[in-house]
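Q: take a look and give me a structure for this.
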Amino acid sequence: MPRSKQQRQKAPARAGKLRSGSAVMMLGGADPALQPYRAHWSMGIYSGESSKTRHLDVPAGKRLVIEFVTISAVLPKRQHTVVTFYVRSSPTLQTPYWFHPRISEPREGSRRSHGLSLCTRIYVDPGSRMEVTAARGPSTSSDALVRVSVSGYLADVP
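A: Model prediction:
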């Protein structure tokens, strides 16, 4: 028999288990070493530009673990996009992760919607920087919009 809303609200979360209450995975339990994390970037790539970059710095003493990536883009016809996460652990060492959104909504007219949602596991070490670059091609005519969302958690690192 299904539980009532009141019973569901009173039920304690199980320690250390992931539960899905919405589109974002929520950490259950009381593990103070894990803090939920999410970020969102909206990148307008204007006519004549081929890419845009945003970045985030992971604080000392924390490791960022990205578990879910969502990308949506609106591009002119015949253009494609690739979103690359560059995890920089030093000025000369970087690890790239490439994501290729596909056409998700064919539209009439001069624009197309592209999208991607993916479970993943990307680790960004304490004190490191992650750059998120949205690039498009083959042409740079007209404006484009790329939105990137990530979710996961920050873990304490001794």
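Q: quick check: bridge partners of R88?
A: When bridges are called by DSSP bridges, R88 pairs up with Q94, R129.
Q: now do it against P96, distance only.
A: The gap separating R88 from P96 is 10 Å, by CB to CB, to the nearest Å. Bear in mind the C-beta positions are built from the backbone N, C-alpha and C, glycine included.
Q: who has more neighbours, these two?
A: Higher neighbour count among R88 and P96: R88, with 17 against 10, using other CB atoms under 10 Å.
Q: give me every residue that touches V65.
A: Applying CB atoms under 8 Å, 6 or more residues apart in numbering, we find V65 in contact with 121-124, 152-155.
Q: tell me the bridge partners for it.
A: Taking DSSP bridges, one obtains Y123, Y153 as the residues bridged to V65.
Q: what distance separates stretch 73-80 from the centre of its chain?
A: The chain centroid and the centroid of stretch 73-80 are separated by 20 Å under CA atoms, centre = their mean, to the nearest Å.
Q: other residues contacting that stretch?
A: Applying CB under 8 Å, 6+ apart, the set of residues contacting stretch 73-80 is 81, 100-101, 110-115, 134, 136-139, 141-142, 144-147.
Q: filter the residues you listed down to the ones in strands?
A: With DSSP state E as the criterion, strands contain 81, 111-115, 134, 136-137, 144-147 from among those.
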